[in-house]
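Student: Build me a model from this:
(chains A, B and C, ligands or ions: 1)
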Amino acid sequence: MKKAAIALLFVAALAVSAFAADVPKLEGPYIVTTCGQSPGAVMIGMSAKQAGVKADYNNKLTADDVKGDYKTLIVTSGTSMKGMGAAGTNVDAEIDRCSKAIAAAKKAGMTVIGAHVEGMARRTDSSDAASIEAVMKDADVVLVVIDSDNDGFFTKYAETHKKPLIKIKDALAIGQVLK
Amino acid sequence: MDSVTLSTVVMVLYYCINAFFLVAIVAGFFRTRNAQEAVLYGIMMVPFVLRMLRLK
Amino acid sequence: MNLKFVKIMTLLAVIASTGVAGKLFHEHRSFREPVVAGEGLSSVKKLGDYSKSVAGTINDANVYIFDSGVPGGAILIIGGTHAEEPAANVSAQVFTENLRVTQGRVIVINRINTSASTCTRLGEAYPRFFHVKTPWGTKKWRMGDRTANPLDSWPDPEVYIHYPSGQNLAYMDVRNLNRNWPGRPDGMLTERTTFAAMELIRAEKADLTMDFHEAELEYPVENTIVTHQRGNEVAAMTSMMLTSQTFDVPIGMEFSPTALHGLSHREIGDHSDAVSYLAEVAEPMLDRIRGITDEELLMSGRDRFVMKAGEHKLLYAPIDEKGWPADKRIARHVTTVMTLLQVHNMLHPDRAILVEGIPSYAEMIEKGVGAFLHDPSAAPKGRVFYD
Ligand SMILES: [Zn+2]
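Tutor: Numbers count the residues shown, from 1 in each chain, chains lettered A, B, ... in the order given. Next comes the predicted model:
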């Protein structure tokens, strides 16, 4: 029993340290966009603003917009039918736009964060799943809120794809981790 | 004629039709020699009366 | 059997059933809901004061105005858009009955589509009334339908063509208030109602509007704030703060589609300077798969069929044996407005709106909403109004 507890502690300690070592230092200024026209990017923008971090958001960011002194690109995943309707786009066009923006950011030496910050409400259908897969596969870091990982999906994803995972309490707390 | 006036005309006509059917049903009720038909007429009357009185 | 006897008995049965049904329908249609306006009330106008097109009609709703006298912004709170969503109009009434405004103005309409609250949906066996327990007794409201009463607006067109966009909608949506914004002065009743409300928004120079709703858990736009694009930042901050600090079930945010017409979150923002918001909360009674449709379900939000659907992951909102009680639905709406105002004041200090007297989320959950509704028989004269 005692042995097991010590082993568990050891594993836990290992997990934390591995986690800490893997996460590259996040550095602004940030540019944020959404893959699926959900308000995630606006939320990150507002949360960053409140924390005094420089983060611009552009829901229609293209590869050409990825320039200037930005150090990190954040792409939020999960889709909104209303949002895509408002913007006159669809999930395939969104994935195409974001993949190109991510490629441009990588070429410019920027860090790419794949984010999911709106909870299980943005993990309901196949569009959500497609957007998540498209964003996360090219991301250097995975950033999610606890409610998005209710079922452990992102924990497992980060483990299998060996990507560092940052898990935060909620969207309001994002600004603090970007500091 | 605009759509609102048109609706008003249709509504008046509708109540006329409703009244016509109500009268026909009531007449049928008194004329029939068949007990089952009389009950049937009675049941049919209810919604027409409620509509005529603008209760439903 | 004697024919004459059968006929007389039938006639008596017809008179009795018509009488009972007629009395029930009449009672529902003519019941007046008392409202005890809060201390801070400055005046009560009518929608018809802003546009003659609704004056004297059943939809000539009360407009409760709370003016602090101190320069600032103005918000219009809209309840009763869909009268089958009772948390919406009770939430508005929590403001009407408790408000004190110390800067700017708050304007409340408890029942914007009164006509819709005078009938229930055909064939759905809705309860006619719903009740809330209060420390002084029971308060009663009319349960209504999604659309205006056909007795007030009839006939419906074959296809409802929205004005001014020309968008085609289903025939009954001509009576659906949230498909009729921004309305027109010479249209059908519901179009005239939204037109009068638009005139109010423009005349009172409202900075923001909030339209309360409830939705079935099978519907994807749930527990969320839908916002006009000019309100993106305020709505995002509001939703994050509420999710982080107050609500157990998160509240999201949605952008208002630009091409979908007739909805308050789209048209109010497009046809006035006000930024329009709409809030949704889960109401299990609206789900098609619900069980017995009675007042118990309406108020407790507990239904085992809806729960079963939740177990199979078929819903867009969580539900457990605690359900979605009316107190919680109303507390969410009220607190959403309070947080929205807080964020609005932060971002637009020159147009700030400061209010007092509104219970907190925790207070409403703990004591129930009834604790914040007042006894009309004990109220000072001149403060009781009827919706
Ligand atoms: Zn509604």
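Student: So residue C:88: helix, strand or coil?
Tutor: Here residue C:88 is helix, with the state taken from DSSP: H, G, I helix; E, B strand; the rest coil.
Student: Chain neighbours aside, what residue packs nearest to it?
Tutor: Using Cβ to Cβ, 6 or more residues apart in numbering or on different chains and skipping residues adjacent in sequence, the residue nearest residue C:88 is residue C:212, 3.6 Å away. In short, each C-beta sits where N, CA and C put it, glycine included.
Student: and if you look at residue A:155?
Tutor: Excluding the flanking residues, the one nearest residue A:155 by Cβ to Cβ, 6+ apart is residue A:149, at 5.9 Å.
Student: what's the answer for residue A:148, then?
Tutor: Nearest one to residue A:148, counting by Cβ to Cβ, 6+ apart, is residue A:116 at 4.4 Å.
Student: what's the answer for residue A:97, then?
Tutor: residue A:62 (6.3 Å).
Student: and the gap between that neighbour and residue A:126?
Tutor: To residue A:126, residue A:62 is 25 Å away according to Cβ to Cβ, to the nearest Å.
Student: So between the two, which is more surrounded?
Tutor: Ranked by neighbour count (other Cβ atoms under 10 Å in any protein chain shown), residue A:62 and residue A:126 place residue A:62 first, with 13 against 9.
Student: That one against residue A:100, yeah?
Tutor: Yes - using Cβ atoms under 8 Å, residue A:62 is in contact with residue A:100, at 6.9 Å.
Student: For beta bridges, what are the partners of residue C:252?
Tutor: For residue C:252, the beta-bridge partners are residue C:224 (DSSP bridges).
Student: List the contacts of it.
Tutor: The contact partners of residue C:252, taken as Cβ atoms under 8 Å, 6 or more residues apart in numbering or on different chains, are A:39, A:118-119, A:121-122, C:223-225, C:239.
Student: Next: residue C:279.
Tutor: For residue C:279, counting by Cβ under 8 Å, 6+ apart, the contacting residues are C:210-213, C:224-226, C:251, C:332-333, C:336-337.
Student: Can you give me every residue that contacts the residue nearest to the spatial centre of chain A?
Tutor: The centroid of chain A falls nearest to residue A:115 when counting by Cα atoms, centre = their mean (1.3 Å). Going by Cβ under 8 Å, 6+ apart, residue A:115 touches A:40, A:44, A:74-77, A:135, A:142-144.
Student: Could you single out the nearest of those to residue C:343?
Tutor: Top of the list for closeness to residue C:343, among the contacts of residue A:115 and by Cβ to Cβ, is residue A:44 at 16.2 Å.
Student: wait, is that closest one part of a helix?
Tutor: Yes - under three-state DSSP, residue A:44 sits within a helix.
Student: For the residue nearest to it when sequence neighbours are not counted, list the residues it contacts.
Tutor: The shortest distance from residue A:44 to any non-neighbouring residue, by Cβ to Cβ, 6+ apart, is to residue A:32 (4.8 Å). By Cβ under 8 Å, 6+ apart, residue A:32 lies in contact with A:41, A:44-45, A:48, A:55-58, A:73-76.
Student: give me that answer again for 7 Å
Tutor: A:41, A:44-45, A:55-57, A:74 (Cβ atoms under 7 Å, 6 or more residues apart in numbering or on different chains).
Student: Show me the strands paired with the strand or helix carrying it, marking each as parallel or antiparallel.
Tutor: In the assignment (DSSP states H and E), residue A:32 maps to strand A:30-34. When sheet partners are counted by DSSP bridges, strand A:30-34 sits next to strand A:55-57 (parallel), strand A:72-76 (parallel).
Student: what about residue C:201, helix or strand, and which?
Tutor: Assigned by DSSP H and E, residue C:201 belongs to helix C:189-203.
Student: Would you mark the buried spots in that helix?
Tutor: The neighbour-count check on helix C:189-203 (16 or more other Cβ atoms under 10 Å in any protein chain shown) flags C:189-201 as buried.
Student: sorry, back to before: how about the residue nearest to residue A:97, phi and psi?
Tutor: When read as degrees, to the nearest 10, the backbone of residue A:62 gives phi -110, psi 170.
Student: got it, and residue C:290?
Tutor: The phi/psi pair for residue C:290 (degrees, to the nearest 10) reads phi -60, psi 160.
Student: Neighbours of it, how many?
Tutor: Using other Cβ under 10 Å, the number of residues around residue C:290 comes to 19.
Student: now it: how far from chain B?
Tutor: Using Cβ to the nearest Cβ, to the nearest Å, residue C:290 is found at 24 Å from chain B.
Student: what do you get for residue C:81?
Tutor: For residue C:81, the distance to chain B - Cβ to the nearest Cβ - is 22 Å.
Student: got the contact list for whichever residue of chain C sits closest to chain B?
Tutor: Going by Cβ to the nearest Cβ, chain B is nearest to residue C:10 of chain C, at 3.8 Å. Applying Cβ under 7 Å, 6+ apart to residue C:10 gives the contacts B:38-39, B:42.
Student: Also residue A:55?
Tutor: Neighbouring residues of residue A:55 by Cβ under 7 Å, 6+ apart: A:28-30, A:32, A:44-45, A:48, A:178.
Student: Residue C:13 now?
Tutor: Contacts for residue C:13 (Cβ under 7 Å, 6+ apart) come out as residue B:42.
Student: So residue A:86 sits against residue C:263, correct?
Tutor: No - at 11.6 Å, residue A:86 does not count as touching residue C:263 under the criterion of Cβ atoms under 7 Å.
Student: close to chain A, is stretch C:161-172?
Tutor: No - shown here: stretch C:161-172 not in contact with chain A (Cβ under 7 Å from any Cβ of the partner chain), separated by at least 13.1 Å.
Student: In contact with residue C:87, which residues?
Tutor: Counting by Cβ under 7 Å, 6+ apart, residue C:87 makes contact with C:214, C:281, C:283, C:326, C:329-330, C:333.
Student: ok, so what distance separates it from residue C:330?
Tutor: Relative to residue C:330, residue C:87 is positioned 5 Å away (Cβ to Cβ).
Student: Residue C:162 too?
Tutor: Here residue C:162 is placed at a distance of 31 Å from residue C:330 (Cβ to Cβ).
Student: same deal with residue B:50?
Tutor: The spacing between residue B:50 and residue C:330, counted by Cβ to Cβ, is 34 Å.
Student: what do you get for residue C:9?
Tutor: Taken as Cβ to Cβ, the span from residue C:9 to residue C:330 is 49 Å.
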